[in-house]
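>>> Kindly return the folded structure for what I paste below:
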Amino acid sequence: MLGTAGGAAATCTGAAMGAAAGVLPALFTFGLSNPVGAAVGGGMGMPIGSAAGALQALLLVEPPVLIAAKLPRVSRTCTAVPAAPFHP
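The predicted structure follows:
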């Protein structure tokens, strides 16, 4: 889940940064450097962001086994508590 979110965020950020980096060369490339920069930035951002998000999920999020070990133990015996009488 974190890898997907990291990949999506990094794709958008990489595309914006690539388009911004292509503004100055656009004067010499008839504007073709903007979409090329956005494509390169987005293409580089997606795998890097996905890998960073997946690594964060592996290192920072506890596995379900560790979470289950911290849960309190519940006994299987049922102790019924008598209900209090109703007084209107």
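>>> pull the helix or strand with minimum mean pLDDT from the protein.
Ranking every helix and strand in the chain by mean pLDDT, DSSP states H and E puts helix 64-70 at the bottom, with a mean of 61.
>>> where along the protein do the helices fall?
2-21, 33-60, 64-70 (DSSP state H).
>>> Helix 2-21 and the second one, what's the angle between them?
Here the directions of helix 33-60 and helix 2-21 differ by 150 degrees (axes from the mean of the first three to the mean of the last three Cα atoms, to 10 degrees).
>>> State the mean pLDDT of helix 33-60.
For helix 33-60, mean pLDDT is 87.
>>> Could you name the helices and strands sitting against that helix?
Applying 3 or more Cβ pairs under 8 Å, 6 or more residues apart in numbering; DSSP states H and E, we find helix 33-60 packed against helix 2-21. The way it works is simple: take the backbone N, C-alpha and C, and place the C-beta from them, glycine included.
>>> List the buried residues in the helix it packs on.
By neighbour count with 16 or more other Cβ atoms under 10 Å, helix 2-21 contains the buried residues 2-3, 6-7, 10-11, 14-15, 17-19.
>>> Now flag whichever of the residues you listed is closest to residue 47.
residue 7 (7.5 Å; Cβ to Cβ).
>>> Now do the same contact list for the closest one.
With contacts defined as Cβ atoms under 8 Å, 6 or more residues apart in numbering, residue 7 is in contact with 45-47, 49-50, 53.
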